[in-house]
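J.: Got a sequence here, can you build the structure:
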Amino acid sequence: YGQTATFLGTAFTSTGLQNTDTIGSVTLTSTGAASTANAGSYSIVPSAATGGTFAPTNYIITYSSGTLTVNKATLTITAVTNPKVYDGNITAAAIPTVSGLQGTNTVTGLAEVYDNRNAGTGKTLTVSAFTVNDGNGGNNYTVVTVPITTGTITPAPLTITATSNTRTYDGTTGASAVPTVTGLHGDTVTGLAEVYADRNAGTGKTLVVSAYTINDGNGGLNYVVTPTPNATGVINQRPITVRAVSDTKTYDGLMSSLGAPTIIVGALQTGDTTTTFAQTFNNPNAGTLKTLTPAGVVNDGNSGNNYTYTFTPVATGTITAAPLIVRANDVMRLVNTSNPPFTATVSGLVNGETLASLNGTLVVSTTATATSPVNMYPIHPSLTLPGIPGANYTITLVDGILTIVSAIGTDPTYNSVGSVAQGVLVGGYAGGAEDGPFAVRRSRRSDAAPDGSAAPIEYGDWVSLTIRNGGMRLPSGVI
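T.: Numbers count the residues shown, from 1 in each chain. Got it, this is the predicted structure:
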């Protein structure tokens, strides 16, 4: 096809010539001889035999047609390199090239495609469409399509954006909102999720994309994903109500309570504790139906700011008075002399309190006078604590003893009454004789020294004291 056929006039055969007659040439014509004749078979029509040695008048000439075959021309269509961004299909924008067209024929509708739609390099491009305009429906050509393997599909950009989310603090970073997706090309994204950047309550919190699955048949490799955070998240504080518990203690000068407040409305969230909750009495003074008020924050890693607090006091606290013992100190004096100053030992004051700080009045007295005879007399302590301090203590008064004696010995083997101390050498005389106005005899709980010689007094010893000159005798067994 596309070539012109030329007949030389000698392309024929003849039969029936006589003797040595010959035919010089025959006129040959065919409608397929033109270059524009479509591929196919055409008749070659002979006529006007002439030349040679024959005389046409001697023959009745019969002409038989031959056949002219117009073969299809070869047309090559070759795909060309094409780069593109993934769009979910196999189309390519490049136009294949054509070679082998004849005459004014054209090829239109040229197209090529990738072998698959997925992103990648070295991809095969093949001719996918063409129309041969040859006036014969393309039948004048044998078309050969040639693929190439230099195609490129780069991944498409895909943006996944976290959306605003508001919720109440729950100790986690979870969010119920679903991120939005832009940039898909016929594919889907499932398993979308987002989380807060941290779990703490607040506004303007950052939400970030935490999970997604791209369903593109290529493991998500057809996209370059840009996760985009959102800074409009809100986590509201969780409300809880904390109530004090009943507590009873002995007065210690402090408002502290060992009771542990409890949460009665709401609940702690994952990972949080209440070890900082405490409660206090409304004042440190002894009394009943005292108000206990809770306070504190949750240990939540956010200084307790993930919660709002309603603190509920109770009026069932009790502080009992502390025991305070006032013990008059024992004193000894000689008969017919004035009483010495009396003192008392106070035990049980708490929290650094003193009688002076409490404005207390301590009076220590006895009924004995300067003219009282030799004897033992009680020393009475009296303590007055004015106002509230007085209610904070239960006072126990313990009398001391005033001992009035006629004389006090000075012999080194004796000791003054009431002053016999551990380690002092005391003793007696053989046969139990005693001398001087006093005789202090030592005997151990075990056996006394056989000779009654002087020995040191030790803890656990029994001391016998004898007062002479018409005085009194203390019973054995006084420690």
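
J.: Going by C-alpha atoms from here, please, whenever you check contacts or count neighbours.
T.: Noted.

J.: Could you find the closest non-adjacent residue to Val331?
T.: Once flanking residues are discounted, Val331 sits nearest to Leu402: 4.8 Å by C-alpha to C-alpha, 6 or more residues apart in numbering.

J.: For that neighbour, list the residues it contacts.
T.: By C-alpha atoms under 8 Å, 6 or more residues apart in numbering, the contact list for Leu402 reads 330-333, 366, 376-379.

J.: can you tell me how far Asp247 sits from Thr316?
T.: Separation of Asp247 from Thr316 (C-alpha to C-alpha, to the nearest Å) stands at 7 Å.

J.: repeat for Phe277
T.: Taken as C-alpha to C-alpha, the span from Phe277 to Thr316 is 18 Å.

J.: More neighbours: the two, which one.
T.: Phe277 (19 against 15; other C-alpha atoms under 10 Å).

J.: Spit out the contact partners of the more buried one.
T.: Residues in contact with Phe277 (C-alpha under 8 Å, 6+ apart) are 260-261, 294-298.

J.: Which among those residues count as buried?
T.: Neighbour-count burial (16 or more other C-alpha atoms under 10 Å) applied to these gives 260-261, 294-298.

J.: From what I see, Thr106 and Phe130 are in contact.
T.: No: counting by C-alpha atoms under 8 Å, Thr106 sits too far from Phe130 to count as a contact (10.2 Å).

J.: now Ala79, nearest residue through space, not along the chain?
T.: Pro96 (4.4 Å).

J.: Neighbours of that neighbour, how many?
T.: With other C-alpha under 10 Å as criterion, Pro96 counts 24.

J.: For the chain, which segments count as helices?
T.: Applying DSSP state H to the chain gives helices spanning 387-391.

J.: where does it dip in pLDDT?
T.: Within the chain, the ranges that satisfy pLDDT under 70 run 408-479.

J.: repeat that for 80
T.: Along the chain, segments meeting pLDDT under 80 span 407-479.

J.: re earlier: show me what contacts the residue nearest to Ala79?
T.: Per C-alpha under 8 Å, 6+ apart, neighbours of Pro96: 77-80, 110-112, 127.

J.: ok, the residues you listed vs Gly360, which is closest?
T.: Glu112 (110.9 Å; C-alpha to C-alpha).

J.: Leaving out the residues flanking it, which one is nearest to that closest one?
T.: Nearest non-adjacent residue to Glu112 (C-alpha to C-alpha, 6+ apart): Val127, at 4.2 Å.

J.: Contact partners for the closest residue to Asp187 other than its chain neighbours?
T.: In space, Asp187 comes closest to Asp216 once its chain neighbours are excluded; the distance is 5.3 Å by C-alpha to C-alpha, 6+ apart. Contact analysis of Asp216 by C-alpha under 8 Å, 6+ apart lists 187-188, 222.

J.: One more: Ser64?
T.: 45-46.

J.: State the distance from it to Pro46.
T.: Ser64 is 7 Å from Pro46, by C-alpha to C-alpha.

J.: ditto for Ile153
T.: Relative to Pro46, and taking C-alpha to C-alpha, Ile153 is found at 62 Å.

J.: The two - which one has more neighbours?
T.: Ile153 (23 against 20).

J.: With adjacent residues omitted, what lies nearest to that one?
T.: Ile153 sits nearest to Ala119 (C-alpha to C-alpha, 6+ apart), 4.5 Å away.

J.: what do you get for Ala286?
T.: Ile319 (4.4 Å).

J.: Show me the strands in the stretch 101-250 of the chain, by range?
T.: 106-114, 120-133, 141-146, 148-154, 156-161, 166-168, 180-182, 188-196, 202-215, 223-228, 230-236, 238-243, 248-250 (DSSP state E, counting those that start in this stretch).

J.: Tabulate those (CSV), appending distance to Leu362.
T.: Below are the strands of the stretch 101-250 of the chain laid out as CSV (distance: least, C-alpha to C-alpha, whole Å):
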stretch, distance to Leu362
strand 106-114, 110
strand 120-133, 102
strand 141-146, 123
strand 148-154, 100
strand 156-161, 81
strand 166-168, 63
strand 180-182, 84
strand 188-196, 69
strand 202-215, 61
strand 223-228, 80
strand 230-236, 61
strand 238-243, 43
strand 248-250, 23
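
J.: Report the separation between the closest residue to Val242 other than its chain neighbours and Pro373.
T.: In space, and not counting its chain neighbours, Val242 is closest to Ile263: 4.4 Å by C-alpha to C-alpha, 6+ apart. Ile263 is 71 Å from Pro373, where distance means C-alpha to C-alpha.
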